[in-house]
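S.K.: coords please:
(one chain, ligands or ions: 1)
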Amino acid sequence: MTRKACVIGWPISHSRSPIIHGYWLKRYGIEGSYVRIPVKPEELPAFFSGLTGQGFAGCNVTLPHKEAAFRAVRTADAATSRLGVVNTVFARDDELWGTSTDGEGFLASLTAGHPGWRARDQTVVILGAGGATRALVGALIDAGAARLLIANRTRARTEELKRDFGPKVEPRDWTEAAEILRHADLLINTTSLGMTGQPPLAVDLDNLPKTALVTDIVYTPLETDLLKRAKARGNAIVPGLGMLLHQAVRGFDLWFGTRPEVTEELYDLIARDIDPGYRR
Ligand code: ATR
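M.R.: As a prediction, this is how the structure comes out:
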(Lines give C-alpha, C1' and ligand atoms only; values in the text may rest on other atoms or scores of the structure.)
Protein backbone atom coordinates (compact mmCIF):
# COMPACT_ATOMS: atom_id res chain seq x y z
CA MET A 1 0.00 0.00 0.00
CA THR A 2 1.33 3.46 -0.87
CA ARG A 3 1.46 5.69 2.21
CA LYS A 4 1.24 9.43 1.89
CA ALA A 5 2.30 12.35 4.07
CA CYS A 6 2.75 16.05 3.44
CA VAL A 7 3.81 19.37 4.90
CA ILE A 8 1.35 22.23 5.13
CA GLY A 9 2.02 25.94 5.54
CA TRP A 10 1.31 29.33 4.00
CA PRO A 11 3.57 29.92 2.16
CA ILE A 12 5.14 26.49 1.86
CA SER A 13 7.43 26.62 -1.19
CA HIS A 14 10.59 27.02 0.93
CA SER A 15 10.14 23.81 2.96
CA ARG A 16 12.98 21.28 2.68
CA SER A 17 10.95 18.54 4.39
CA PRO A 18 10.08 16.85 1.05
CA ILE A 19 13.79 16.36 0.35
CA ILE A 20 14.37 14.87 3.83
CA HIS A 21 11.42 12.46 3.73
CA GLY A 22 12.00 11.71 0.04
CA TYR A 23 15.56 10.66 0.90
CA TRP A 24 14.33 8.28 3.60
CA LEU A 25 11.53 6.80 1.47
CA LYS A 26 14.14 5.91 -1.14
CA ARG A 27 16.73 4.71 1.39
CA TYR A 28 14.30 2.32 3.09
CA GLY A 29 12.59 1.24 -0.15
CA ILE A 30 9.18 2.39 1.10
CA GLU A 31 6.41 2.89 -1.41
CA GLY A 32 5.19 6.31 -0.33
CA SER A 33 5.13 10.01 -1.03
CA TYR A 34 5.68 13.25 0.85
CA VAL A 35 4.54 16.50 -0.76
CA ARG A 36 4.16 20.20 -0.01
CA ILE A 37 0.59 21.48 0.23
CA PRO A 38 -0.13 25.21 0.52
CA VAL A 39 -3.00 25.70 2.98
CA LYS A 40 -4.41 29.14 3.80
CA PRO A 41 -5.34 29.73 7.46
CA GLU A 42 -9.06 29.76 6.65
CA GLU A 43 -8.71 26.42 4.84
CA LEU A 44 -7.16 24.58 7.77
CA PRO A 45 -10.33 23.02 9.29
CA ALA A 46 -11.44 21.67 5.90
CA PHE A 47 -7.94 20.41 5.21
CA PHE A 48 -7.84 18.39 8.43
CA SER A 49 -11.38 17.04 7.87
CA GLY A 50 -10.32 15.69 4.50
CA LEU A 51 -6.81 14.51 5.40
CA THR A 52 -7.35 10.79 5.94
CA GLY A 53 -10.06 10.64 3.27
CA GLN A 54 -7.39 11.68 0.78
CA GLY A 55 -5.21 8.82 1.97
CA PHE A 56 -2.74 10.78 4.09
CA ALA A 57 -1.22 9.12 7.17
CA GLY A 58 -0.50 12.60 8.52
CA CYS A 59 1.43 15.80 7.93
CA ASN A 60 3.99 18.23 9.17
CA VAL A 61 2.67 21.62 10.13
CA THR A 62 4.67 24.79 9.71
CA LEU A 63 4.07 28.54 9.89
CA PRO A 64 1.50 29.97 10.45
CA HIS A 65 -0.51 26.87 11.43
CA LYS A 66 1.30 25.38 14.44
CA GLU A 67 -1.03 26.85 17.06
CA ALA A 68 -4.26 26.40 15.10
CA ALA A 69 -3.29 22.78 14.43
CA PHE A 70 -2.75 22.25 18.15
CA ARG A 71 -6.32 23.35 18.75
CA ALA A 72 -7.72 21.30 15.87
CA VAL A 73 -6.34 17.84 16.78
CA ARG A 74 -6.00 15.66 19.90
CA THR A 75 -2.79 16.25 21.82
CA ALA A 76 -0.63 13.14 21.89
CA ASP A 77 1.55 13.83 24.95
CA ALA A 78 1.96 16.06 28.02
CA ALA A 79 5.10 17.79 26.71
CA THR A 80 3.12 18.98 23.68
CA SER A 81 0.17 20.16 25.86
CA ARG A 82 2.57 22.50 27.63
CA LEU A 83 3.90 23.90 24.34
CA GLY A 84 0.54 24.70 22.76
CA VAL A 85 1.87 24.00 19.26
CA VAL A 86 2.22 20.91 17.06
CA ASN A 87 4.50 20.33 14.10
CA THR A 88 3.50 16.71 13.41
CA VAL A 89 -0.02 15.34 12.89
CA PHE A 90 -0.85 11.65 12.50
CA ALA A 91 -4.00 9.56 12.15
CA ARG A 92 -4.80 6.82 14.68
CA ASP A 93 -8.10 5.07 15.36
CA ASP A 94 -10.00 7.42 13.02
CA GLU A 95 -8.77 10.50 14.83
CA LEU A 96 -6.03 13.08 14.22
CA TRP A 97 -3.36 13.45 16.87
CA GLY A 98 -0.67 16.09 17.14
CA THR A 99 2.75 16.24 18.70
CA SER A 100 5.81 18.46 18.71
CA THR A 101 9.14 16.94 17.72
CA ASP A 102 11.24 20.14 17.86
CA GLY A 103 12.49 19.59 21.41
CA GLU A 104 13.65 16.03 20.85
CA GLY A 105 15.11 17.08 17.49
CA PHE A 106 17.13 19.75 19.22
CA LEU A 107 18.47 17.35 21.88
CA ALA A 108 19.22 14.62 19.33
CA SER A 109 21.08 17.09 17.14
CA LEU A 110 23.31 18.12 20.04
CA THR A 111 24.03 14.51 21.03
CA ALA A 112 24.80 13.57 17.43
CA GLY A 113 26.88 16.69 16.79
CA HIS A 114 28.76 16.53 20.08
CA PRO A 115 28.84 12.88 21.27
CA GLY A 116 28.72 12.52 25.05
CA TRP A 117 26.81 15.78 25.53
CA ARG A 118 24.13 15.64 28.23
CA ALA A 119 21.63 18.29 29.37
CA ARG A 120 21.65 17.04 32.97
CA ASP A 121 22.84 19.65 35.51
CA GLN A 122 23.92 22.03 32.76
CA THR A 123 23.54 25.80 32.87
CA VAL A 124 22.15 26.97 29.57
CA VAL A 125 22.20 30.52 28.22
CA ILE A 126 19.51 31.12 25.63
CA LEU A 127 19.39 34.23 23.47
CA GLY A 128 15.85 34.94 22.30
CA ALA A 129 12.38 33.95 23.50
CA GLY A 130 10.36 33.68 20.28
CA GLY A 131 8.10 30.86 19.12
CA ALA A 132 11.00 28.48 18.52
CA THR A 133 12.35 28.83 22.06
CA ARG A 134 9.50 27.11 23.91
CA ALA A 135 10.17 23.59 22.60
CA LEU A 136 13.86 23.90 23.49
CA VAL A 137 13.11 25.13 27.00
CA GLY A 138 10.66 22.25 27.61
CA ALA A 139 13.08 19.64 26.30
CA LEU A 140 16.06 20.97 28.27
CA ILE A 141 14.09 21.06 31.53
CA ASP A 142 12.69 17.56 30.96
CA ALA A 143 16.24 16.34 30.27
CA GLY A 144 17.45 17.67 33.63
CA ALA A 145 19.14 21.00 32.83
CA ALA A 146 19.86 22.94 36.03
CA ARG A 147 19.35 26.59 35.00
CA LEU A 148 18.14 28.36 31.87
CA LEU A 149 19.25 31.98 31.69
CA ILE A 150 17.21 33.58 28.92
CA ALA A 151 17.93 37.03 27.51
CA ASN A 152 15.43 38.56 25.14
CA ARG A 153 14.86 42.03 23.70
CA THR A 154 11.24 41.93 24.86
CA ARG A 155 11.43 41.07 28.56
CA ALA A 156 7.76 40.04 28.83
CA ARG A 157 8.39 36.97 26.65
CA THR A 158 11.03 35.60 29.05
CA GLU A 159 8.73 36.25 32.01
CA GLU A 160 6.06 34.24 30.17
CA LEU A 161 8.51 31.34 29.76
CA LYS A 162 9.20 31.44 33.48
CA ARG A 163 5.48 31.39 34.21
CA ASP A 164 4.94 28.41 31.90
CA PHE A 165 8.08 26.38 32.65
CA GLY A 166 8.92 27.26 36.26
CA PRO A 167 11.82 28.57 38.33
CA LYS A 168 14.62 26.96 36.31
CA VAL A 169 13.92 29.73 33.79
CA GLU A 170 15.76 32.91 34.82
CA PRO A 171 14.73 35.93 32.73
CA ARG A 172 17.49 38.39 31.85
CA ASP A 173 17.53 41.65 29.92
CA TRP A 174 18.91 41.65 26.40
CA THR A 175 21.57 44.14 27.52
CA GLU A 176 22.90 41.46 29.92
CA ALA A 177 23.47 38.91 27.15
CA ALA A 178 27.27 39.24 26.95
CA GLU A 179 27.63 39.30 30.75
CA ILE A 180 25.64 36.11 31.49
CA LEU A 181 27.68 34.07 29.01
CA ARG A 182 30.18 33.45 31.82
CA HIS A 183 27.69 30.95 33.34
CA ALA A 184 27.12 28.95 30.17
CA ASP A 185 27.81 25.24 29.72
CA LEU A 186 25.68 25.55 26.60
CA LEU A 187 24.89 28.69 24.57
CA ILE A 188 21.94 28.69 22.17
CA ASN A 189 20.90 31.43 19.76
CA THR A 190 17.15 31.23 19.15
CA THR A 191 16.82 34.75 17.74
CA SER A 192 16.57 35.41 14.03
CA LEU A 193 19.75 37.50 14.25
CA GLY A 194 22.51 36.15 12.02
CA MET A 195 20.06 34.61 9.55
CA THR A 196 20.70 35.50 5.90
CA GLY A 197 19.02 38.86 5.33
CA GLN A 198 18.73 39.72 9.05
CA PRO A 199 21.02 41.91 11.18
CA PRO A 200 24.03 40.18 12.77
CA LEU A 201 24.02 38.84 16.34
CA ALA A 202 26.39 41.37 17.86
CA VAL A 203 26.99 39.76 21.25
CA ASP A 204 30.58 39.75 22.51
CA LEU A 205 31.78 36.25 23.41
CA ASP A 206 34.69 37.25 25.68
CA ASN A 207 32.95 35.99 28.84
CA LEU A 208 32.02 32.62 27.38
CA PRO A 209 34.00 29.69 28.88
CA LYS A 210 36.06 27.88 26.24
CA THR A 211 34.45 24.65 27.44
CA ALA A 212 30.94 25.81 26.53
CA LEU A 213 29.15 24.16 23.62
CA VAL A 214 27.58 26.65 21.19
CA THR A 215 24.62 26.07 18.90
CA ASP A 216 22.27 28.16 16.78
CA ILE A 217 18.80 27.32 15.54
CA VAL A 218 19.51 29.43 12.44
CA TYR A 219 20.69 27.20 9.57
CA THR A 220 20.82 29.72 6.73
CA PRO A 221 23.77 30.25 6.54
CA LEU A 222 24.82 26.76 7.62
CA GLU A 223 27.50 28.24 9.84
CA THR A 224 26.32 31.53 11.33
CA ASP A 225 28.66 34.29 12.38
CA LEU A 226 28.05 33.25 16.02
CA LEU A 227 29.21 29.70 15.27
CA LYS A 228 32.22 30.96 13.29
CA ARG A 229 33.30 33.27 16.11
CA ALA A 230 32.78 30.55 18.73
CA LYS A 231 34.77 28.02 16.70
CA ALA A 232 37.60 30.52 16.12
CA ARG A 233 38.06 30.97 19.90
CA GLY A 234 38.07 27.22 20.53
CA ASN A 235 34.47 26.42 21.52
CA ALA A 236 32.80 23.28 20.22
CA ILE A 237 29.84 24.08 17.96
CA VAL A 238 26.78 22.27 16.60
CA PRO A 239 25.17 23.88 13.51
CA GLY A 240 21.39 24.37 13.40
CA LEU A 241 20.74 22.12 10.42
CA GLY A 242 20.91 19.02 12.65
CA MET A 243 17.75 20.08 14.47
CA LEU A 244 15.80 20.34 11.21
CA LEU A 245 16.86 16.80 10.28
CA HIS A 246 16.34 15.20 13.69
CA GLN A 247 12.90 16.77 14.26
CA ALA A 248 11.75 14.91 11.14
CA VAL A 249 12.60 11.43 12.49
CA ARG A 250 9.49 10.71 14.59
CA GLY A 251 7.05 11.95 11.95
CA PHE A 252 8.53 9.58 9.38
CA ASP A 253 8.26 6.72 11.88
CA LEU A 254 4.62 7.58 12.69
CA TRP A 255 3.55 7.77 9.03
CA PHE A 256 5.74 5.17 7.35
CA GLY A 257 6.50 2.72 10.19
CA THR A 258 10.32 2.89 10.12
CA ARG A 259 12.48 4.94 12.46
CA PRO A 260 14.91 6.57 10.03
CA GLU A 261 18.53 7.47 10.53
CA VAL A 262 19.99 10.95 10.09
CA THR A 263 22.98 10.00 7.98
CA GLU A 264 25.94 12.11 6.89
CA GLU A 265 24.65 11.64 3.35
CA LEU A 266 21.31 13.25 4.30
CA TYR A 267 23.07 16.09 6.12
CA ASP A 268 25.21 16.79 3.05
CA LEU A 269 22.18 16.60 0.72
CA ILE A 270 20.30 19.31 2.62
CA ALA A 271 23.45 21.35 3.30
CA ARG A 272 24.12 21.47 -0.46
CA ASP A 273 20.51 22.49 -1.11
CA ILE A 274 21.05 25.44 1.25
CA ASP A 275 24.56 26.24 0.02
CA PRO A 276 25.61 24.65 -3.29
CA GLY A 277 29.26 25.33 -2.35
CA TYR A 278 29.01 23.31 0.88
CA ARG A 279 31.83 20.84 1.52
CA ARG A 280 31.99 18.57 4.58
P1 ATR B 1 8.74 33.88 16.44
O2 ATR B 1 7.78 33.87 15.31
O3 ATR B 1 9.51 32.62 16.61
O4 ATR B 1 8.21 34.43 17.70
P5 ATR B 1 10.21 36.30 16.02
O6 ATR B 1 9.12 37.11 16.57
O7 ATR B 1 10.79 36.68 14.71
O8 ATR B 1 9.88 34.79 15.88
O9 ATR B 1 11.35 36.30 17.13
C10 ATR B 1 12.49 35.61 17.06
C11 ATR B 1 13.40 36.03 18.20
O12 ATR B 1 14.41 36.91 17.68
C13 ATR B 1 12.73 36.81 19.33
O14 ATR B 1 13.32 36.41 20.52
C15 ATR B 1 13.05 38.24 18.98
O16 ATR B 1 13.06 39.12 20.07
P17 ATR B 1 11.68 39.86 20.54
O18 ATR B 1 10.92 38.86 21.34
O19 ATR B 1 12.10 41.01 21.32
O20 ATR B 1 10.96 40.25 19.26
C21 ATR B 1 14.44 38.08 18.46
N22 ATR B 1 14.89 39.23 17.65
C23 ATR B 1 14.50 39.52 16.40
N24 ATR B 1 15.11 40.65 15.97
C25 ATR B 1 15.90 41.10 17.00
C26 ATR B 1 16.78 42.20 17.19
N27 ATR B 1 16.99 43.10 16.20
N28 ATR B 1 17.43 42.32 18.37
C29 ATR B 1 17.23 41.42 19.36
N30 ATR B 1 16.40 40.34 19.24
C31 ATR B 1 15.75 40.18 18.08
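S.K.: What are the boundaries of the helices in the stretch 151-280 of the chain?
M.R.: Listed in chain order, the helices of the stretch 151-280 of the chain (DSSP state H, counting those that start in this stretch) span residues 155-165, 177-180, 225-232, 241-246, 249-256, 264-274.
S.K.: between those, which gets nearest to the ligand?
M.R.: Nearest to the ligand, of all the helices of the stretch 151-280 of the chain, is helix 155-165, at 4.7 Å by Cβ to the nearest ligand atom. (C-beta placed from N, C-alpha, C; glycine too.)
S.K.: Which neighbouring elements make contact with that closest one?
M.R.: Contacts defined by 3 or more Cβ pairs under 8 Å, 6 or more residues apart in numbering; DSSP states H and E place helix 155-165 against helix 133-142, strand 147-152, strand 169-173.
S.K.: if we can go back for a sec, using JSON lines, lay out the helices of the stretch 151-280 of the chain together with mean neighbour count.
M.R.: Output for the helices of the stretch 151-280 of the chain, formatted as JSON lines (neighbours: other Cβ atoms under 10 Å):
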{"stretch": "helix 155-165", "mean neighbour count": "16"}
{"stretch": "helix 177-180", "mean neighbour count": "19"}
{"stretch": "helix 225-232", "mean neighbour count": "17"}
{"stretch": "helix 241-246", "mean neighbour count": "23"}
{"stretch": "helix 249-256", "mean neighbour count": "22"}
{"stretch": "helix 264-274", "mean neighbour count": "15"}
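S.K.: Including mean pLDDT, could the ones you listed go into JSON lines?
M.R.: Below are the helices of the stretch 151-280 of the chain laid out as JSON lines (pLDDT from 0 to 100):
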{"stretch": "helix 155-165", "mean pLDDT": "97"}
{"stretch": "helix 177-180", "mean pLDDT": "98"}
{"stretch": "helix 225-232", "mean pLDDT": "98"}
{"stretch": "helix 241-246", "mean pLDDT": "98"}
{"stretch": "helix 249-256", "mean pLDDT": "98"}
{"stretch": "helix 264-274", "mean pLDDT": "98"}
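S.K.: Distance to Arg118 for those - can I get that in a markdown table?
M.R.: As requested, those are arranged in a markdown table below (distance: least, Cβ to Cβ, whole Å):
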| stretch | distance to Arg118 |
| --- | --- |
| helix 155-165 | 19 |
| helix 177-180 | 21 |
| helix 225-232 | 20 |
| helix 241-246 | 16 |
| helix 249-256 | 20 |
| helix 264-274 | 22 |
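S.K.: right, and these - which one's nearest Val35?
M.R.: Closest to Val35 of those is helix 249-256 (Cβ to Cβ; 12.4 Å).
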